[in-house]
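Peer 1: give me coordinates for this.
(one chain, ligands or ions: 1)
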Amino acid sequence: MNSTVVDADLKSLHEWLSEVTSQGPVAVVTGRNGDMDTVGSAVALASTHPNLLACGLHLGRVARRMVDKHRAPFRLLQSDATTWPASLAGIVVVDAAAPDQTGLNLPSVPLCIIDHHATDGWSLSEHDLALKWDVRSTTEVIANYLLHHAPQALSQPVCEFLLAGLVTDTARFRHADGPAFATAAALIEAGELDYQAFIQELEDTTTSPSERGAILRGLKRVETTEAGPWTVLRTTAGTLEGRLASMLNGLGADAVVVTRHRDGQTRLTARAPRSSVLAGVHLGRLMEHVASSIGGEGGGHDGAAGWSGTADPIAAETAFIDALARTNKQELNT
Ligand SMILES: [Mn+2]
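Peer 2: Okay, here's the model as predicted:
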C-alpha cells in the first residue's frame, strides 16, 4: 500500500466519522460470520467515539470469548427483527464483501465500507465512503486508523481485539506480509501486550464432543476429485466447516471445498494453498462465478472464499468444481 493513499484514506475516514457521529448514533456492523477480524474491527473502531456502537448478527466462538473476556460492548441483532433508531446517522460495515454478507437489511443512511476482500459487491452513492485495502485483515485498516487518528483509544483490550483479528485472518501469520507484521508489532507495543500469553490464550480453543464428532465424520467422507489440472479434496459438514477446510488444506492438495446444507441453505467453504494461488487459482473470483451461474452470494480472498445460497448442494459443489476445472494452471518458475 502506497503511504500517500493510506494517509488520504485515513483522513477521509476520519472526516466521514467526525461528520456522521456529530449527527447521531452510528452502527458499526460486522459480517454475519462473526469472525475475529470483523468483530475485532467493529469493537475497536466503536471504541473511538461514544456515538459508535458495534453490532452484528453473530459472534463466532473466538470473538465471543474475546467479547466476554473484556466485557466489550457488542449488540447482537436479529436479521428480520432489527429496528434501527430513527436518529441513526450512518452505518459503518467492516469486513464484509457485499451487503448480503451482513445478513441485515440496511437502512438508507450514509454508509462507510471498510474491507480487505478481493471481491466487491457494494454499490455506493454520494455520501458513502469505501476503504478497500489490499491487506491481510480488516483490523489492519482499523489499527492504522487508530494509530494515526485516535491513539487514545489504543487500550490494552482494543489492541488485543485488533491483533486477534490479524492473527486469525492470517492463520497465525502463515498468510502475513511485511505490513501485517509491522501492524502487529505496533499493536503489541501500543497495548503493552504479553504476546506469548496472548497467543496461548487465543489458541486454546476446545471443541465439544459433538463438534469433534462432526469434524471426524467430515474427515471420513473426504473424496478426491480431479478438476481439470487441479486435485480437489471435497467433503460435507454440518458445522465448523471452516475449521475442517483448514485442516484438509494442510494435506497439500490443490484445493479443498466443504459443502454444508442445512435448513434449505447451502454453503460452500473453499481453501487453497499458496502454491495454487501462485499457479492461477483465485477462489474469491471462482465463488463470484458460482454465484453468477447458480445464484446466491459468493466471494472472498484468493486462497479462502465462500458461497451461500439456496441451490441444491450437489449443484453448488459441481458449479465450483466446473469453474475450477476451467482455470489454467501456470507453470511456476522454480
Ligand atoms: Mn477479514
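
Peer 1: near the ion, which residues of the stretch 101-250 of the chain? Just list them.
Peer 2: Residues of the stretch 101-250 of the chain lying near the ion by CB under 5 Å from the ion: 138, 169. For every residue, glycine as well, the C-beta is placed using N, CA and C.

Peer 1: Leu77 and Leu57, how far apart?
Peer 2: 6 Å (CB to CB, to the nearest Å).

Peer 1: which neighbours do these two share?
Peer 2: Residues touching both Leu77 and Leu57 (CB atoms under 8 Å, 6 or more residues apart in numbering) are Leu104.

Peer 1: in the protein, what residue is nearest the ion?
Peer 2: Asp37 (3.5 Å; CB to the ion).

Peer 1: in three-state terms, label that residue for me.
Peer 2: Using DSSP: H, G, I helix; E, B strand; the rest coil, the structure places Asp37 in helix.

Peer 1: close enough to count as contact, it and Ser137?
Peer 2: Yes: applying CB atoms under 8 Å as the test, Asp37 and Ser137 come out as touching, 4.9 Å apart.

Peer 1: common neighbours of those two, please.
Peer 2: By CB under 8 Å, 6+ apart, the residues touching both Asp37 and Ser137 are 95, 165-166, 168-169.

Peer 1: can you give me the pLDDT of the residue lying closest to Gly103 once chain neighbours are set aside?
Peer 2: With sequence-adjacent residues excluded and distances taken as CB to CB, 6 or more residues apart in numbering, Gly103 is closest to Arg32, at 3.6 Å. In this model, Arg32 is scored at 91, pLDDT.

Peer 1: next one: phi and psi at the nearest residue to Asn105 once chain neighbours are set aside?
Peer 2: Nearest residue to Asn105 in three dimensions, chain neighbours excluded: Thr82, at 7.3 Å (CB to CB, 6+ apart). Dihedral pair for Thr82: phi -80, psi 120, per degrees, to the nearest 10.

Peer 1: ok, Thr82 touching Thr102?
Peer 2: No: the pair Thr82 and Thr102 does not pass the contact test of CB under 8 Å, sitting 10.2 Å apart.

Peer 1: tell me which of the two has more neighbours.
Peer 2: Thr102 (21 against 17; other CB atoms under 10 Å).

Peer 1: the more buried one contacts Gly31, doesn't it?
Peer 2: Yes: with contact defined as CB under 8 Å, Thr102 counts as touching Gly31 (6.5 Å).

Peer 1: show me the domain layout of the protein.
Peer 2: 3-203, 211-325 (automatic domain parsing).

Peer 1: what is the rounded mean pLDDT of the shortest one?
Peer 2: It refers to domain 211-325. Domain 211-325 comes out at a mean pLDDT of 96.

Peer 1: now swap in stretch 115-130 and tell me
Peer 2: 92.

Peer 1: check the offset of that stretch from the chain's centre.
Peer 2: Counting by CA atoms, centre = their mean, to the nearest Å, stretch 115-130 is centred 15 Å from the centre of its parent chain.

Peer 1: and what of stretch 266-279?
Peer 2: On CA atoms, centre = their mean, the centre of stretch 266-279 falls 15 Å from the chain's centre.

Peer 1: hmm, back to that, show the contacting residues for the residue nearest to Gly103.
Peer 2: 56-58, 96, 101-104.

Peer 1: which of those tops the neighbour count?
Peer 2: In terms of neighbours by other CB under 10 Å, the contacts of Arg32 top out with Gly56 at 28 neighbours.

Peer 1: give me the below-cutoff pLDDT ranges for the stretch 1-150 of the chain.
Peer 2: Along the stretch 1-150 of the chain, segments meeting pLDDT under 70 are nowhere present.

Peer 1: strands along that one, start to end?
Peer 2: 26-30, 52-56, 75-76, 90-94, 111-115, 129-132 (DSSP state E, counting those that start in this stretch).

Peer 1: relative to Val20, which of those is closest?
Peer 2: strand 90-94 (3.6 Å; CB to CB).

Peer 1: what lines up beside the closest one in the sheet?
Peer 2: strand 26-30 (parallel), strand 111-115 (parallel) (DSSP bridges).

Peer 1: want to try JSON lines for those, with distance to His175 as columns?
Peer 2: As requested, those are exported to JSON lines (distance: least, CB to CB, whole Å):
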{"stretch": "strand 26-30", "distance to His175": "21"}
{"stretch": "strand 111-115", "distance to His175": "16"}
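
Peer 1: reformat the ones you listed as a markdown table; add mean neighbour count.
Peer 2: Compiled in a markdown table, the strands paired with strand 90-94 are given as follows (neighbours: other CB atoms under 10 Å):
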| stretch | mean neighbour count |
| --- | --- |
| strand 26-30 | 28 |
| strand 111-115 | 23 |
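
Peer 1: list the buried residues in stretch 243-255.
Peer 2: 243-249, 253-255 (16 or more other CB atoms under 10 Å).
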